[in-house]
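Visitor: Can you look at this prediction? I've put the sequence above it.
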Amino acid sequence: MNIKMLTTGSVLVAIILLLAINIFSTTALTSARVDLTENNLFTLSDGTKNILKSLEEPVNVRLFLSQKLATRLPGVTSYATRVKELLQEYSRTAGNNINLTIIDPEPFSEQEDQAVAYGLRGAPIDSETTFYFGLVATGPTDEEAVIPFFSPEREEFIEYDVTKIIQQVANPKKKVVGLISTISIDGSPAPHIPGMGMMPRPTETWTVVAQMRQFFEVRSLDIDVDKIPDDIDVLMLVHPKGMGDATLYAIDQYVMNGGRLLAFVDPHAETDQISSQQSGMPGTNFGTSNLNKLFAPWGVSTSENKVVGDIQLAQKVAFNLGQRNAAIDYPIWMKIPKEQLNASDIITSELGTVNVASPGKISITPTDNVTVTPLFTTTDKSTEVDKARLGFMADPQELLRNYRPSGEEAVLAARITGKVKSAFPDGAPKADNAEQSEESMKFTQQLKESKGDINVIVVADTDLLEDRFWVRIQDMFGSRIAVPIAANGSLVINALDNLMGSNDLISVRNRGHFSRPFTKVDEIRQDAELQYREKEQQLMNRLRETERKLVELQRGKEQDKALILSNEQKVELERFRQERVKIRKELRQVRHQLQQDIDSLEGWMKFINIGLIPLLIGIGGGLFAFAKLRKRNESARTPATIS
């Protein structure tokens with residue numbers, strides 16, 4: 001009796017203890033969280049945490065979510081829940097510096113008017129209902145930034161997007177791009193390089209620069225600058241040919257000191273070939289630029305005398321072939337499709353086609369502490385062509401006749417990160433000329449290695465910036481309207497935008513996907529479908545043949561009203577009808593069996609993944625408790641030893 005009471009009492013104590021723990025955890029441990037997801041989907045990156053902790057004043061974050069409509073849209077409910085939980089994690093981490101508000105913009109409400117006024121993009125459900133799922137961040141100075149719509153396609157970049165707009169409104173000052181270009185791309189004459197002919201003439205501002213000015217302050221720097229100003233957030237180099245050591249050293253020290261660099265180099269800049277011919281000084285070296293002296297310690301180099309072509313990505317270009325014009329594949333002018341862009345990098349993840357012309361190849365040598373990540377590449381059908389064979393415009397037929405695929409993908413653009421060595425380990429070079437005094441070559445602190453991880457993006461083509469390769473200019477009532485035909489402009493803006501961010505923002509990782517489908521189920525489903533589809537196809541063929549014969553018999557009777565079917569024909573007609581019914585029934589059974597097998601398999605997989613582990617833990621806990629109780633009971637039965 002005592003043992004039975006003891007057992008009952010133990011169970012009651014366990015239940016009371018369980019309830020007490022639940023109540024305590026709900027009230028006292030609201031901020032305690034354990035993230036057991038494979039990619040830590042609900043844990044903020046260290047970069048995000050640092051940005052949130054550095055906020056000096058509150059940022060208001062408003063999530064506009066049509067919550068009632070979300071329940072009617074397949075797949076949206078769980079995604080919306082994940083976004084809400086992630087934003088709540090932002091609020092918890094930032095404390096009082098993130099004020100999170102969740103707004104449900106119901107149709108014809110003031111909240112819907114607010115969403116429209118902020119520029120959020122709604123998805124129409126029907127003629128009167130719109131689904132909203134966007135974010136508005138407002139900073140201390142009322143600076144606003146929005147995510148118009150949380151698209152599932154950008155699911156893995158949610159944290160980056162949210163952190164970026166929070167940082168943007170917290171620090172609203174316009175960022176500065178320092179531009180050094182030996183080609184006239186900003187409307188001013190290209191810089192004159194000593195010994196290289198006449199002074200060039202000014203040209204129209206390129207569309208890419210006009211777009212840059214919409215987002216950033218663009219400041220042109222001299223080609224012979226001997227120190228990069230401290231307020232330059234990103235330095236952009238375009239076709240840096242003929243640079244002296246003093247300028248290379250200035251760029252080197254800028255990067256060593258934490259500056260960001262976006263460099264466009266080219267072994268055969270066709271735009272430069274044209275401008276040099278127009279200036280009356282054509283030459284084979286006018287179109288060549290590289291920064292190999294600067295890149296060497298980082299394990300990176302770009303081709304100097306060869307250009308890359310790819311027959312699989314070749315653009316069709318109109319050529320005059322004697323008596324006729326023809327559109328021919330021109331391998332050194334390429335359309336880089338989405339498949340060749342890095343889908344995991346924020347810069348290229350959502351770009352469409354990028355057009356390039358006679359680009360160079362980026363070669364990578366493994367170097368300690370340096371990571372080189374390709375941003376876009378050719379296919380393995382690429383080849384390299386000696387630039388001496390090209391001239392102003394290569395013979396496409398000759399290129400095709402001598403085309404030999406390399407079997408390797410060529411890297412055309414890459415991101416370089418890590419802690420690197422200076423290209424000038426012995427310090428500042430000697431002054432290039434008398435005008436550059438030794439005093440101008442001195443830096444407050446000469447760095448022989450980078451202070452932290454560098455962030456540099458290199459593109460081995462400058463022609464992709466020129467209008468003719470990515471926009472069509474239309475005249476609209478006297479105004480020039482640029483219509484993009486490729487994503488070249490977006491590539492540049494994305495690269496600058498990413499490099500403008502702090503190290504913390506750049507380090508924010510891709511979150512991976514919240515949705516975790518049963519991939520094994522999908523594989524087995526596909527195998528099962530192949531088997532069932534084969535049977536289904538056989539039945540469909542039989543059904544079509546039966547219906548064809550049935551139609552022929554019926555058509556003959558309809559065309560000749562006087563036609564009287566023989567008994568054999570009547571039997572055959574009825575047999576065809578019965579056969580059709582039978583085949584349709586078999587088809588339904590096949591499809592039903594396929595779905596039944598898939599549902600059964602999915603059910604078992606869900607049980608194994610979701611239910612089995614907790615069940616085993618429960619059984620293990622029960623056995624442990626039973627063994628402990630049994631041991632206690634045996635101890636209670638053992639008489640005490642009387643000494």
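Guide: Sure, I can see it.
Visitor: from here on, contacts and neighbour counts on C-alpha atoms
Guide: OK.
Visitor: For the helix or strand harbouring Arg213, report the contacting residues that lie outside it.
Guide: Using DSSP states H and E, Arg213 falls within helix 207-215. Here helix 207-215 makes contact (CA atoms under 8 Å, 6 or more residues apart in numbering) with 174, 185-186, 218, 465-467, 482, 489, 492-493.
Visitor: Could you point out the helix or strand that follows the lengthiest strand in the chain?
Guide: When the chain is parsed with DSSP state E, its longest strand is strand 324-336. Proceeding N to C from strand 324-336, the next assigned helix or strand is strand 354-357, under DSSP H and E.
Visitor: Which residues does that following strand contact?
Guide: Here strand 354-357 has contacts from 270, 332-337, 461, 463-464, 469-470, 486-488, using CA under 8 Å, 6+ apart.
Visitor: run the last query once more with 7 Å
Guide: 332-337, 461, 463-464, 469-470, 486-488 (CA atoms under 7 Å, 6 or more residues apart in numbering).
Visitor: picking that back up, same list (the contacts of helix 207-215) but as CSV, adding secondary structure.
Guide: Converted to CSV, the contacts of helix 207-215 look like this (DSSP: H, G, I helix; E, B strand; the rest coil):
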residue, secondary structure
Lys174, coil
Ile185, coil
Asp186, coil
Val218, strand
Leu465, helix
Glu466, coil
Asp467, helix
Ala482, strand
Gly489, helix
Val492, helix
Ile493, helix
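Visitor: Turn these into JSON lines, columns for distance to Glu586, pLDDT and neighbour count.
Guide: Output for the contacts of helix 207-215, formatted as JSON lines (distance: CA to CA, whole Å; pLDDT from 0 to 100; neighbours: other CA atoms under 10 Å):
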{"residue": "Lys174", "distance to Glu586": "69", "pLDDT": "84", "neighbour count": "11"}
{"residue": "Ile185", "distance to Glu586": "70", "pLDDT": "93", "neighbour count": "23"}
{"residue": "Asp186", "distance to Glu586": "71", "pLDDT": "86", "neighbour count": "21"}
{"residue": "Val218", "distance to Glu586": "71", "pLDDT": "96", "neighbour count": "21"}
{"residue": "Leu465", "distance to Glu586": "61", "pLDDT": "97", "neighbour count": "24"}
{"residue": "Glu466", "distance to Glu586": "63", "pLDDT": "95", "neighbour count": "18"}
{"residue": "Asp467", "distance to Glu586": "62", "pLDDT": "94", "neighbour count": "20"}
{"residue": "Ala482", "distance to Glu586": "59", "pLDDT": "81", "neighbour count": "15"}
{"residue": "Gly489", "distance to Glu586": "57", "pLDDT": "92", "neighbour count": "23"}
{"residue": "Val492", "distance to Glu586": "59", "pLDDT": "96", "neighbour count": "20"}
{"residue": "Ile493", "distance to Glu586": "59", "pLDDT": "92", "neighbour count": "18"}
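Visitor: ok, so of those residues, who is nearest Gln446?
Guide: Closest approach between these and Gln446, by CA to CA: Val218, at 27.1 Å.
Visitor: Find the nearest non-adjacent residue to that closest one, please.
Guide: Val177 (4.9 Å; CA to CA, 6 or more residues apart in numbering).
Visitor: Could you report the neighbour count for the one you found?
Guide: Using other CA atoms under 10 Å, Val177 has 25 neighbouring residues.
Visitor: and it, what does it touch?
Guide: Val177 touches 216-219, 232-236, counting by CA under 7 Å, 6+ apart.
Visitor: now, among these, which is nearest to Thr77?
Guide: Using CA to CA, those come closest to Thr77 at Phe216, 37.4 Å.
Visitor: Sketch out the low-pLDDT regions of the stretch 351-500 of the chain for me.
Guide: 391-393, 431-444, 475-480 (pLDDT under 70).
Visitor: now the strands for it?
Guide: Listed in chain order, the strands of the stretch 351-500 of the chain (DSSP state E, counting those that start in this stretch) span residues 354-357, 362-364, 370-377, 382-386, 411-418, 454-459, 471-476, 479-484.
Visitor: Mean neighbour count, these: which tops it?
Guide: Ranked by mean neighbour count, the strands of the stretch 351-500 of the chain are led by strand 354-357 with a mean of 24 (mean count of other CA atoms under 10 Å).
Visitor: Extract the CA atoms of that strand and return them as PDB.
Guide: What follows is strand 354-357, C-alpha atoms only, in PDB (Å, rounded to 0.1, in the frame of the first residue of the first chain):
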ATOM      1  CA  VAL A 354      25.100  40.800 -68.300                       C
ATOM      2  CA  ASN A 355      26.600  41.800 -71.600                       C
ATOM      3  CA  VAL A 356      30.400  41.900 -71.900                       C
ATOM      4  CA  ALA A 357      32.800  42.600 -74.800                       C
END
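Visitor: Assign a three-state SS to Glu304, would you?
Guide: Classified using three-state DSSP, Glu304 is coil.
Visitor: what about it, neighbour count?
Guide: The burial count for Glu304: 19, using other CA under 10 Å.
Visitor: any idea how far Glu384 is from it?
Guide: 11 Å (CA to CA, to the nearest Å).
Visitor: quick revisit: max pairwise distance over the contacts of strand 354-357: which two?
Guide: Ile332 and Ala487 (18.3 Å).
Visitor: And those two? Which one has more around it.
Guide: A direct count of neighbours by other CA under 10 Å for Ile332 and Ala487 places Ile332 higher, at 27 against 19.
Visitor: show me what contacts that one?
Guide: So Ile332 contacts 308-310, 314, 357-358 (CA under 7 Å, 6+ apart).
Visitor: what's the closest of the contacts of helix 207-215 to Gly134?
Guide: Distances from Gly134 to those, taken by CA to CA, are shortest for Ile493, at 22.4 Å.
Visitor: And the pLDDT for the closest residue to that closest one other than its chain neighbours?
Guide: Once flanking residues are discounted, Ile493 sits nearest to Met212: 6.6 Å by CA to CA, 6+ apart. Met212 is assigned a pLDDT of 93 by the prediction.
Visitor: Tally up the residues packed near Met212, please.
Guide: For Met212, using other CA under 10 Å, the count is 18.
Visitor: what do you get for Arg401?
Guide: For Arg401, using other CA under 10 Å, the count is 8.
Visitor: now it: how far from Ala327?
Guide: Distance from Arg401 to Ala327, by CA to CA: 16 Å.
Visitor: between the helix or strand harbouring the residue nearest to Val218 and helix 207-215, how big is the angle?
Guide: Using DSSP H and E, Val177 sits within strand 176-181. Interaxial angle of strand 176-181 relative to helix 207-215 (axes from the mean of the first three to the mean of the last three CA atoms, to 10 degrees): 160 degrees.
Visitor: Please identify the pairing partners of strand 176-181 and their relative orientation?
Guide: strand 217-220 (parallel), strand 234-238 (parallel) (DSSP bridges).
Visitor: and Ser78, which of those strands is closest to it?
Guide: strand 234-238 (39.0 Å).
Visitor: how about the spatially most central residue of the chain, what does it touch?
Guide: What sits nearest the mean C-alpha location of the chain, by CA atoms, centre = their mean, is Ser349, with 2.3 Å. Residues in contact with Ser349 (CA under 7 Å, 6+ apart) are 342-343.
Visitor: circling back: is it possible to get CSV of the contacts of helix 207-215 that adds distance to Ile125?
Guide: Below are those laid out as CSV (distance: CA to CA, whole Å):
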residue, distance to Ile125
Lys174, 38
Ile185, 45
Asp186, 45
Val218, 42
Leu465, 40
Glu466, 41
Asp467, 39
Ala482, 33
Gly489, 33
Val492, 35
Ile493, 33
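Visitor: Sort out which one of those residues lies nearest Thr71 for me.
Guide: Ile493 (36.5 Å).
Visitor: ok, back up a step: so what sits opposite the residue nearest to Val218 in the bridge?
Guide: Beta-bridge partners, per DSSP bridges, of Val177: Val218, Val234.
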